[in-house]
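K.L.:
Any chance you can model this:
(2 chains)
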Amino acid sequence: MNQLIKNNLLGIKELSLQEIDLIFETADYFKDVINRSIKRVPSLRDITIANIFFENSTRTKLSFELAEKRLSADVINFSSSSSSVKKGETLIDTVNNILSMKVDMIVIRHSSPGAPHFLAKHIDSKIVNAGDGTHEHPTQALLDAYSIRERLGYIEGKKVVIIGDILHSRVAISNIFALQKLGAEVMVCGPATLIPKYIRTLGVKVELDIKKALNWCDAANILRIQLERQRMPYFPSLREYTLYYGVNEEIVKELDKEIIILHPGPINRGIEITSRVADADNALILDQVENGVAIRMAVLYLLASK
Amino acid sequence: MQKRLLLDGQLLQITIQRLCQHLIENHNDFSSTVILGLQPRGVFLANRIQKVIQELEGCHVDIGYLDTTFHRDDFRRRVVPKKASETRVPFLIEDKDVILVDDVLFTGRSVRAAMDAMISFGRPKKVELLVLIDRLYTRQLPIEANYVGKQVNTLASQYVEVGLKEQSGDDSIWLMNIEVE
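P.N.:
A predicted model of the protein is given here:
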């Protein structure tokens, strides 16, 4: 396989195992490129990419922008807080206006699930989903799986637990799809109120006891509590959440084996993870950020070549 | 399909020996010279050249692999995109004499891309090009080789098929006609 099947990357759900492997293989080469003294290749020299962010982001936006610049693409940025969306413009109108300026690709983040899919149906441009509400965040899942593969050698047969706010997490959904396609066993762990009932239909295990979950897994992906999405209280207090589901050094030390720790960021130190765990050698958190640029370069490169 | 044999195993070996002698003449003990093979087949040739020179001269020759996929100017103009291969340049090329090695010199576009890719690893003192087959009168860029295995007159409707032991099990280089159906 030399290229992706679809023109867009809307979610992991639509990707095949072969496509994920192709993205990983391409990312390997780009990781090599970004570790050179001259970190740039001219591949996307004649391409313009618009990063349209209707929701706040630091890591993802910077990572995409850097990936685009490393590929020599022209980049324009748009954030809804300082735009005419505030004046009542619709999503399609906004995007069509941007496309009229001869933009070739769109990277979009939106708080409504399905926004990139909706756009893909109505406009003729390549679209990369950079997170849509509580639905999917495909590049994050790809870089998480890539980082696990890099550290453990392979993913097939590995056990991965996703801990925290599963209900509001697009990272969790995309990770479940990606890891299962790559042959891993997936478990989710968190307070019962933050684990959606349908999650078992995806074929994942559910565990409410964090110690059991950590003892079962090879890798733990710890998520942030997304207070901004929670419209009602799902647990009594953050302090109580930390008491029951916070990952600290004591719990990790008590385990029978060494596990690797991932976190998609932003980290709330002292809530879902303590500093000692986040900064330990077996935490891949900064590797994830580095790999994020390589993975996004691979995705943009492969889509642009279509 | 019509085809003509350009080089067989024995001739190829003689050609490589001759090219190596020529390289030694110009580069002495290779202390400030490095060889960069272009992916995919230039790498096999570069490996063979390194081996022969090291046997003849008893000196060490630095060798690297260069992949030009991300530097090509026909990206997005191809029907099927090229798949990338490994780039491995485990040394600095700053102030070195660099010898680029490829199998066939045709339009000159891959060599242009290779020079672009090479610059990412430093500023060489001098760059030379070695090719096994030089297709005459087909260049689209002002690029010529310093060391040539064999020059051939070809038509646009022909292509050079390079079979090397490392890939296809035997050494043979053919000039083929593209069949029109």
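
K.L.:
make it CA atoms for all contacts and neighbour counts henceforth
P.N.:
Fine.

K.L.:
neighbouring contacts of stretch B:84-100?
P.N.:
Here stretch B:84-100 makes contact (CA atoms under 8 Å, 6 or more residues apart in numbering or on different chains) with A:26, A:29, B:32-40, B:62-70, B:121-130.

K.L.:
Low-confidence bits of chain B, can you list those?
P.N.:
B:1, B:76, B:78-81, B:180-181 (pLDDT under 70).

K.L.:
follow-up on the earlier one: I'd like to know which of the contacts of stretch B:84-100 are part of helices.
P.N.:
With DSSP state H as the criterion, helices contain A:26, A:29 from among these.

K.L.:
What subset of the contacts of stretch B:84-100 is buried?
P.N.:
Buried subset of the contacts of stretch B:84-100 (neighbour count, 16 or more other CA atoms under 10 Å in any protein chain shown): A:26, A:29, B:32-40, B:62-70, B:121-124, B:127, B:129-130.

K.L.:
Just the ones in strands from the contacts of stretch B:84-100, please.
P.N.:
Applying DSSP state E to the contacts of stretch B:84-100, the entries found in strands are B:33-38, B:62-66, B:126-130.

K.L.:
Ramachandran angles for the residue of the stretch 51-200 of chain A at minimum distance from chain B?
P.N.:
Relative to chain B, the nearest point of the stretch 51-200 of chain A is A:Leu71 (8.6 Å; CA to the nearest CA). With angles defined as degrees, to the nearest 10, A:Leu71 sits at phi -90, psi 0.

K.L.:
which of the residues in the longest helix along chain B are buried?
P.N.:
Scanning chain B for the longest helix, with DSSP H as the assignment, gives helix B:9-27. For helix B:9-27, burial by neighbour count (16+ other CA under 10 Å) applies to B:12, B:15-17, B:19-21, B:23.

K.L.:
can you redo those as TSV with distance to chain A?
P.N.:
Below are these laid out as TSV (distance: CA to the nearest CA, whole Å):
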residue	distance to chain A
B:Leu12	32
B:Thr15	33
B:Ile16	31
B:Gln17	33
B:Leu19	32
B:Cys20	31
B:Gln21	34
B:Leu23	29
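
K.L.:
Spatially, which two of these are the most separated?
P.N.:
B:Leu12 and B:Leu23 (16.3 Å; CA to CA).

K.L.:
contacting residues for the residue nearest to A:Asn175 when sequence neighbours are not counted?
P.N.:
What sits nearest to A:Asn175 in space, not counting adjacent residues and going by CA to CA, 6 or more residues apart in numbering or on different chains, is A:Ala141, at 4.6 Å. When contacts are counted by CA under 8 Å, 6+ apart, A:Ala141 touches A:12, A:171, A:174-175, A:178.

K.L.:
got CSV for those residues, with pLDDT, secondary structure and distance to B:Gly169 too?
P.N.:
Listed next are the contacts of A:Ala141 as CSV, based on pLDDT from 0 to 100; DSSP: H, G, I helix; E, B strand; the rest coil; distance: CA to CA, whole Å:
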residue, pLDDT, secondary structure, distance to B:Gly169
A:Ile12, 97, coil, 40
A:Val171, 95, helix, 48
A:Ser174, 97, helix, 44
A:Asn175, 97, helix, 43
A:Ala178, 97, helix, 39
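
K.L.:
So the residue located most distally from the centre of chain A versus A:Gln18, what's the distance?
P.N.:
Distance to the chain centre peaks in chain A at A:Lys87, reaching 30.5 Å (criterion: CA atoms, centre = their mean). Separation of A:Lys87 from A:Gln18 (CA to CA, to the nearest Å): 44 Å.

K.L.:
A:Ile261 now?
P.N.:
From A:Ile261 across to A:Gln18, the span is 26 Å (CA to CA).

K.L.:
Show me which of these two is the more surrounded one.
P.N.:
Neighbours were counted for A:Ile261 and for A:Gln18 using other CA atoms under 10 Å in any protein chain shown; A:Ile261 has more, 25 against 16.

K.L.:
hey, what's that one bridged with?
P.N.:
Here A:Ile261 sits in beta bridges with A:Ala220, A:Ala283, going by DSSP bridges.

K.L.:
give the contact list for it.
P.N.:
Contacts for A:Ile261 were tallied using CA under 8 Å, 6+ apart; they are A:219-222, A:277-278, A:282-285.

K.L.:
Look up how far A:His168 lies from A:Arg231.
P.N.:
11 Å.

K.L.:
okay, those two: which has more neighbours?
P.N.:
Between A:Arg231 and A:His168, A:His168 has the larger neighbour count (other CA under 10 Å), namely 22 against 7.

K.L.:
Need the nearest residue in space to that one, chain neighbours excluded.
P.N.:
According to CA to CA, 6+ apart, the nearest residue to A:His168 is A:Thr134 (5.3 Å).

K.L.:
which SS state does that neighbour fall under?
P.N.:
Applying DSSP: H, G, I helix; E, B strand; the rest coil to A:Thr134 yields a three-state assignment of coil.

K.L.:
mind checking how far it is from A:Lys121?
P.N.:
Taken as CA to CA, the span from A:Thr134 to A:Lys121 is 20 Å.

K.L.:
Of these two, give the one with the bigger neighbour count.
P.N.:
Per other CA under 10 Å, whichever of A:Thr134 and A:Lys121 has more neighbours is A:Thr134, with 20 against 9.

K.L.:
hang on, the earlier thing: thought A:Pro113 was touching the residue nearest to A:His168, still the case?
P.N.:
Yes - contact criterion CA atoms under 8 Å: A:Thr134 and A:Pro113 qualify, at 6.0 Å.

K.L.:
Now do the same contact list for the residue nearest to the spatial centre of chain B.
P.N.:
Nearest to the mean C-alpha position of chain B, by CA atoms, centre = their mean, lies B:Asp102 at 0.8 Å. Counting by CA under 8 Å, 6+ apart, B:Asp102 touches B:37-38, B:41-43, B:45, B:129-132.

K.L.:
taking those residues as a set, which two sit the farthest apart in space?
P.N.:
The span of the contacts of B:Asp102, defined through CA to CA, is set by B:Arg41 and B:Leu129 at 14.6 Å.

K.L.:
What are the contacting residues of the worst-scoring helix or strand of chain A on mean pLDDT?
P.N.:
The weakest-scoring helix or strand in chain A, judged by mean pLDDT, DSSP states H and E, is helix A:91-100 (a mean of 89). With CA under 8 Å, 6+ apart as the contact definition, helix A:91-100 has outside contacts at A:50, A:85, A:119, A:122-123, A:125.

K.L.:
got the angle between the helix or strand just after that helix and helix A:91-100?
P.N.:
Per DSSP states H and E, the first helix or strand lying C-terminal to helix A:91-100 is strand A:105-110. Orientation check (axes from the mean of the first three to the mean of the last three CA atoms, to 10 degrees): strand A:105-110 against helix A:91-100 gives 150 degrees.

K.L.:
Can you tell me what sits against strand A:105-110?
P.N.:
Contacting residues not belonging to strand A:105-110 are listed as A:47-55, A:116, A:125-133, A:304 [CA under 8 Å, 6+ apart].

K.L.:
That strand - what's its average pLDDT?
P.N.:
Averaged across strand A:105-110, the pLDDT comes to 96.

K.L.:
Parallel or antiparallel, list what pairs with that strand.
P.N.:
Strand A:105-110 has these strand partners (DSSP bridges): strand A:48-53 (parallel), strand A:126-132 (parallel).

K.L.:
any idea which helix or strand comes after the longest one?
P.N.:
Right, the one you point to is strand A:126-132. Note on strand A:126-132: by DSSP H and E, the next helix or strand toward the C-terminus is helix A:138-152.

K.L.:
Could you list the residues in contact with the helix or strand just after that next one?
P.N.:
Next in sequence after helix A:138-152, counting helices and strands by DSSP H and E, comes strand A:159-163. Contact with strand A:159-163 is made by A:172, A:184-190, A:210, A:213-214, A:216-223, A:245, as judged by CA under 8 Å, 6+ apart.
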